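Okay, predicted coordinates and the sequence, questions at the end:
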Amino acid sequence: MQFQSKNREPATKSKKPETTMHTLLVPIDHTPAAEHTLAYANKLAVRWPAEVVLLYCVPAATPGELQRQEQRLRSLAERLRYQQLTRQDGRRIRYRYRVLAGCLHDHVQAEAARCAADLVVMGLEHIDCGRQEAPGNHAAAITALVACPVLVVPPGRRSLPSRLAFLADFGSLHLNTLPRLSALEGAFPAPLDLVQFYAPAERSQRRRLKQDLNRAASHLSWNGVTAHLLEDDAPLEGISDFCARQGVQLLVVAPGTPAQLLRYFDACYATTRAYHTQIPVLVLRGAEALPATACCDRCAERLAQEEKQAKLPDYHAVRWA
């Protein structure tokens, strides 16, 4: 017999907002440090949330060897699933496995596009194609190949960051790079410091540099942004000191050239254990500025006029004696 209570309104199920699932592409090299990289990626996958795609490249392997390496990859993921995580969080992580014959730098671009990776997470001392180079060299090469940001994790156990710093030349930084950083706020919901250094010889340009810094801050949809304009003729030493003072646990950089990125991982900083080499570094590639396009003849005429005006000297801005 069924009973119905009187004066009771029919229950309505509240719809929970759907959570967007992101994708982390995690290259693995099976060194001891790779376990720290995967443990960090696991924490990030739970917080964001994100699916983890584990990628292992074997320089030369038979089909049977590839199958054996995939099983090894699965065993590693299952062993680390609950490390530093509760059992409930560990169960939430979704893995996919990719084992390919060849080198990482030959496959990473296609694999990042294939899984629509939002972020590549790799170790600072990653070994690619059996070659061990200076810390950060392989990561710098991978950064030049993929369009998404690359998170470089040094060896050691670490928690997700509670404070971030973003070092860049905001005068030359493309503003279309900033949405890439804003898209990662869900992964790293922490206070963000924007840091711009200038040399003592550039003191006369402080006003312009401050305007560039504030403009970048206004284009970031990030809670808790603080801008810092600091004088130091050695930015890398300066950012290490700044991060140490502020307790920064993740450094974001937007290098203008590959050579500039390699300087972050220079052997002298690794040897002296500079602070910025002891914390994860998130590398943002600057998107190329897209040329203006016209939708009609009238817009084409307006764009041509604006381009012509831009090439002419601005006599009104000159202070005549």
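That came through, no problem.

Start and end of stretch 170-177, how far apart?
Stretch 170-177 has an end-to-end distance of 11 Å (Cα to Cα, to the nearest Å).

so what's T226 bridging to?
The partner list for T226 in beta bridges (DSSP bridges) reads D193.

pretty sure it is touching A190, no?
No: using Cβ atoms under 8 Å as the test, T226 is too far from A190 to be in contact (11.9 Å). From N, CA and C alone the C-beta is placed, and that goes for glycine too.

Who has more neighbours out of the two?
Comparing T226 with A190 by other Cβ atoms under 10 Å, the one with more neighbours is A190, at 17 against 12.

Quick check: the gap between that one and R47.
Separation of A190 from R47 (Cβ to Cβ, to the nearest Å): 11 Å.

show me where this structure has helices.
Secondary structure of the chain (DSSP state H): helices located at 32-47, 63-80, 87-92, 104-114, 137-143, 178-182, 206-218, 235-246, 258-264, 267-271, 297-311.

Please identify the deepest-packed of the ones you listed.
Between the helices of the chain, helix 137-143 has the highest mean count of neighbours, a mean of 23, where neighbours are mean count of other Cβ atoms under 10 Å.

from the chain's centre, how far out does that helix sit?
For helix 137-143, the separation from the chain centroid amounts to 13 Å (computed by Cα atoms, centre = their mean, to the nearest Å).

Then stretch 266-281?
18 Å.

Also stretch 273-288?
8 Å.

and it, which residues are buried?
274-286 (16 or more other Cβ atoms under 10 Å).

Put the alpha carbons of that stretch into PDB.
This file holds the C-alpha atoms of stretch 273-288, laid out as PDB (Å, rounded to 0.1, in the frame of the first residue of the first chain):
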ATOM      1  CA  ARG A 273      69.500  26.200  -6.400                       C
ATOM      2  CA  ALA A 274      67.900  29.600  -7.200                       C
ATOM      3  CA  TYR A 275      64.400  29.900  -5.800                       C
ATOM      4  CA  HIS A 276      62.700  30.100  -9.200                       C
ATOM      5  CA  THR A 277      64.200  26.700 -10.100                       C
ATOM      6  CA  GLN A 278      62.700  25.100  -7.000                       C
ATOM      7  CA  ILE A 279      59.100  25.900  -7.700                       C
ATOM      8  CA  PRO A 280      56.900  24.900 -10.700                       C
ATOM      9  CA  VAL A 281      57.100  27.300 -13.700                       C
ATOM     10  CA  LEU A 282      54.100  27.800 -16.000                       C
ATOM     11  CA  VAL A 283      55.200  28.900 -19.500                       C
ATOM     12  CA  LEU A 284      52.800  30.900 -21.600                       C
ATOM     13  CA  ARG A 285      53.400  31.300 -25.300                       C
ATOM     14  CA  GLY A 286      52.700  34.700 -26.600                       C
ATOM     15  CA  ALA A 287      50.000  34.500 -29.300                       C
ATOM     16  CA  GLU A 288      50.900  36.200 -32.600                       C
END
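
same question for that stretch, mean pLDDT?
Averaged across stretch 273-288, the pLDDT comes to 86.

quick one: contacts for the nearest residue to Q84 once chain neighbours are set aside?
Distances taken as Cβ to Cβ, 6 or more residues apart in numbering place A39 nearest to Q84, at 5.8 Å, with adjacent residues excluded. Shown in contact with A39 (Cβ atoms under 8 Å, 6 or more residues apart in numbering): L80, Q83, Q84, R157.

Top of the residues you listed by number of neighbours, please.
Of the contacts of A39, L80 is surrounded by the most neighbours, 19 neighbours in total, counting by other Cβ under 10 Å.

what sits against Q196?
The neighbourhood of Q196, defined by Cβ under 8 Å, 6+ apart, consists of L167, A168, D169, F170, L209, D212, L213, A227, H228, L229, L230.

Roughly how far does the closest residue to the last one other than its chain neighbours sit from T226?
Setting aside the residues directly before and after it, L230 is nearest to F197 in space (Cβ to Cβ, 6+ apart), at 5.4 Å. Distance check for F197 against T226: by Cβ to Cβ, it reads 15 Å.

hang on, the earlier thing: surely the residue nearest to L230 and H228 touch.
No: taking contacts as Cβ under 8 Å, F197 lies outside contact range of H228: 9.1 Å.

Tell me which of those two has more neighbours.
Neighbours were counted for F197 and for H228 using other Cβ under 10 Å; F197 has more, 22 against 14.

Look up how far P280 lies from the more buried one.
21 Å.

and if you look at D233?
Taking Cβ to Cβ as the measure, D233 falls 26 Å from P280.

Repeat that for P49.
For P49, the distance to P280 - Cβ to Cβ - is 19 Å.

now A33
13 Å.

Low-confidence regions, the stretch 151-300 of the chain specifically.
Low-confidence segments of the stretch 151-300 of the chain (pLDDT under 70): 286-300.

what do you get if the cut-off is 90, keeping everything else the same?
Scanning the stretch 151-300 of the chain for pLDDT under 90 picks out 174-176, 256-260, 265-273, 285-300.
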